[in-house]
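S.K.: What shape does this take:
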Amino acid sequence: MDDARLDRAHLDADNWLMVGGGRDEQHFSRLAEIDASNVSRLAPAWTAEYDTMRGQEGEPVVVDGIMYISTAWSKVYAFDAATGRQLWLYDPKVPGASGVRGCCDVVNRGVAYYKGRVYVGTFDGRLAAIDARTGREAWVVNTVDQTKNYTITGAPRIVRDKVVIGNGGAEYGVRGYVTAYDAATGKQAWRFWTVPGEPGKRDGDVSDDPIETLARPTWFGDTYWKGGGGGTAWDAIVYDRELNRLYIGVGNGAPHSHFKRSAGKGDNLFLASIVAVDPDTGKYLWHYQQNPGDSWDYTSVQPMILADLNVGGARRKVILHAPKNGFFYVIDRATGKPISAEPFVDDIRWAKGIDPKTWRPIDVAGNRYVDTPFLNSPGPPGGHNFQPMAYSPQTRLVYIPTSKNYWFYKPNQAPAHGAPIDAPANMPAPDNYLQAWDPVAKRQVWRVDAKDARLDVGGGGVLATAGNLVFQGRGEIVGEMVAMKADTGAVLWRYPMPNSVMAAPITYRVNGVQYVAVSTGAGGPTLFGSNTPPRERQAGRMVVFRLDGKAKLPDPPPLAGPATEITETFAAADVTKGAGLYAANCGRCHGLGTRASNILPDLRRSPITADKDAWKAVLIDGALTDNGMVSFADKLSPADAEAIRAWAGTEAKKLAANQRAGRSER
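M.R.: Residues are numbered from 1 along each chain as shown. Purely as a prediction, here's the structure:
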């Protein structure tokens with residue numbers, strides 16, 4: 001498995017050699033044994049249960065009959081791809097205490113395979129090389145400052161004997177960068193920082209000149225460098241084998257508010273941008289910023305697809321990109337200049353459009369919420385987020401997991417990763433669907449609504465095949481797999497799943513049999529809460545289908561148990577105080593307003609909520625640190641912790657009353 005084979009990966013229908021299926025990351029397969037005429041016969045061939053109940057966003061890699069899949073906590077499994085027999089499990093032993101660093105669960109989106117090794121980025125910021133045959137660690141390097149809130153959730157990319165990895169953590173005060181390491185030894189080859197650091201201090205890296213000449217003049221004040229600045233490249237990094245360049249999707253600013261971060265001035269390069277660099281040296285080539293002065297958590301890290309399109313009578317090498325901000329971009333790969341930028345989401349409120357002369361957004365008055373509140377769409381979940389989209393060279397359509405959602409921004413505040421505070425009572429309802437988009441005609445061709453899927457996520461990732469099929473998973477806590485006709489969107493097959501599906505499916509062939517595989521398990525954004533009643537916790541799973549498969553999936557887990565009985569009466573002032581502290585410190589893991597999905601403990605159902613001493617032991621003393629529940633003693637006093645218990649206990653009493661009366665738990 002060398003560079004030459006990776007460059008031809010898109011032609012190797014039997015295998016799925018890398019995230020995206022090939023260098024172009026089109027999530028398209030040439031396999032066509034499963035097609036519109038027989039997809040109704042698709043059924044499980046085998047399933048394998050993981051050893052974790054957290055979120056699963058990993059995309060498998062299949063190399064010559066062996067499947068490699070990363071799971072929550074950055075573990076990696078190797079399975080026989082035809083039978084599901086486990087060959088090995090690699091556990092990097094990510095400390096439980098690092099779980100609090102992440103905004104959106106301890107997920108991992110995939111591995112890379114190269115010259116007999118499997119590479120994975122770990123949640124706590126390391127990069128590991130694993131012997132593909134034995135599962136033993138070959139080398140591991142630390143890629144981040146462990147005193148800061150860096151994480152890694154994205155998949156590494158392999159480029160010409162180098163392993164390239166980014167990081168996350170913009171919400172928590174870090175400064176983003178991408179690093180290339182020698183694949184054989186783990187030695188650092190180059191590093192490219194995406195935003196400037198402290199004035200007067202150079203990093204001594206290849207990004208120094210573009211940072212000082214292009215980026216720093218677009219930042220103002222000192223909040224940005226003291227607070228990290230953001231710009232983490234936590235997902236999309238794509239290698240262009242034809243032009244020999246690397247495209248990096250750059251994330252949001254820290255803090256989110258442009259007014260707070262940079263005194264409301266400057267474009268703040270390279271936030272919310274695509275940056276092209278030389279993969280051999282990391283040297284800057286070009287950039288295009290999709291959101292100058294980002295104020296809405298509009299990352300540009302969403303998956304990118306490389307394609308050749310006939311535009312205006314000419315064949316163009318392009319990047320296809322549907323980032324959070326709701327506009328679909330077709331960008332020339334050679335120059336970085338946009339060819340088109342059109343809304344792919346209904347009801348975009350922050351901008352009137354993208355100016356075709358300057359390619360800058362046309363801002364709507366008040367959209368930066370400096371003096372007055374602003375009801376925006378899309379909100380921080382984005383019109384499209386981390387779920388891979390797909391492109392079919394046959395239909396020439398892009399298949400996008402899409403979400404129309406809203407967010408209420410208070411003046412001069414960054415949006416919290418929780419419910420909009422003091423939002424209008426008449427907030428429009430979100431809408432969730434998969435759409436087929438024509439990037440040349442710049443229009444939607446078809447859409448399939450997904451009302452049963454997570455309302456602010458847009459369903460799982462997408463796979464397109466030469467069988468004129470599009471596959472996608474859905475769901476919040478439990479879910480389903482769906483197959484649609486790629487040209488019309490007609491739904492041909494639906495299969496119930498005990499887990500929800502956030503990851504992208506893949507397909508491969510072993511001994512002449514085509515399989516469709518997907519990693520399943522709720523978590524990630526679902527931690528914030530669910531629109532369906534919570535269920536008992538369950539492990540994530542790899543589920544693999546084939547025509548006329550004979551395996552059986554487990555039943556969905558039962559609904560979560562009864563509320564903890566609370567006999568105490570809490571002071572109203574403590575309950576009010578606790579509600580605010582819960583929203584600021586707890587909601588992103590235990591559910592907004594305690595309306596948890598129960599992937600992490602629903603505090604309304606936890607016996608610890610009824611025990612003052614046990615509550616303090618966990619929240620202040622850190623009794624469950626190894627499980628990922630760290631002490632909050634640096635943020636909360638014992639009185640604060642008790643106020644949160646008052647809030648959670650009051651919500652538990654409400655739930656218990658609803659259960660006794662037979663009313664809905666939501």
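
S.K.: Can you give the distance of the lengthiest helix in the chain from its chain's centre?
M.R.: Ranked by residue count, the top helix of the chain under DSSP state H comes out as helix 638-661. Relative to its chain's centre, helix 638-661 lies at 31 Å (Cα atoms, centre = their mean, to the nearest Å).

S.K.: Show me what it packs onto, helices and strands only.
M.R.: Packing contacts for helix 638-661, counted by 3 or more Cβ pairs under 8 Å, 6 or more residues apart in numbering; DSSP states H and E, involve helix 572-585, helix 612-619. C-betas here are computed from N, CA, C, even on glycine.

S.K.: what mean pLDDT would you report for the longest one?
M.R.: The reference is to helix 572-585. Mean per-residue pLDDT for helix 572-585: 91.

S.K.: What of stretch 266-277?
M.R.: 98.

S.K.: Distance from that stretch to the middle of the chain?
M.R.: Averaging C-alpha positions (Cα atoms, centre = their mean) puts stretch 266-277 20 Å from its chain's average.

S.K.: Now do the longest helix of the chain, average pLDDT.
M.R.: Mean predicted confidence for helix 638-661 is 92.

S.K.: okay, the angle between that helix and helix 612-619?
M.R.: 110 degrees (axes from the mean of the first three to the mean of the last three Cα atoms, to 10 degrees).

S.K.: buried ones in helix 638-661?
M.R.: Along helix 638-661, these residues count as buried under the neighbour rule (16 or more other Cβ atoms under 10 Å): 640-653, 655-656.

S.K.: re earlier: kindly reformat the helices and strands packed on helix 638-661 as a markdown table containing mean neighbour count and distance to Thr594.
M.R.: Shown next, in a markdown table, are these (neighbours: other Cβ atoms under 10 Å; distance: least, Cβ to Cβ, whole Å):
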| stretch | mean neighbour count | distance to Thr594 |
| --- | --- | --- |
| helix 572-585 | 17 | 7 |
| helix 612-619 | 17 | 14 |
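
S.K.: so can I have CSV of those helices showing distance to Val174?
M.R.: Output for the helices and strands packed on helix 638-661, formatted as CSV (distance: least, Cβ to Cβ, whole Å):
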stretch, distance to Val174
helix 572-585, 19
helix 612-619, 25
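
S.K.: Among those helices, which comes closest to Gly366?
M.R.: Comparing these against Gly366 with Cβ to Cβ, the closest turns out to be helix 572-585 (24.7 Å).

S.K.: averaged over its residues, what pLDDT does stretch 515-529 have?
M.R.: 85.

S.K.: how about the residue lying closest to Gly154 once chain neighbours are set aside, phi and psi?
M.R.: Distance criterion Cβ to Cβ, 6 or more residues apart in numbering; nearest residue to Gly154, sequence neighbours excluded, is Asp235 at 4.6 Å. Note on Asp235: backbone dihedrals following degrees, to the nearest 10 are phi -140, psi -90.

S.K.: re earlier: ok, of the buried residues of helix 638-661, which one's closest to His590?
M.R.: Ala648 (8.4 Å).

S.K.: can you pull the contacts of the closest one?
M.R.: 578, 582, 594, 603-604, 609 (Cβ atoms under 8 Å, 6 or more residues apart in numbering).

S.K.: Could you do Arg333 as well?
M.R.: Arg333 neighbours (Cβ under 8 Å, 6+ apart): 240, 243, 245, 247, 276, 306, 317-319.

S.K.: could you redo the last one with a cut-off of 6 Å?
M.R.: By Cβ atoms under 6 Å, 6 or more residues apart in numbering, the residues touching Arg333 are 240, 243, 317, 319.
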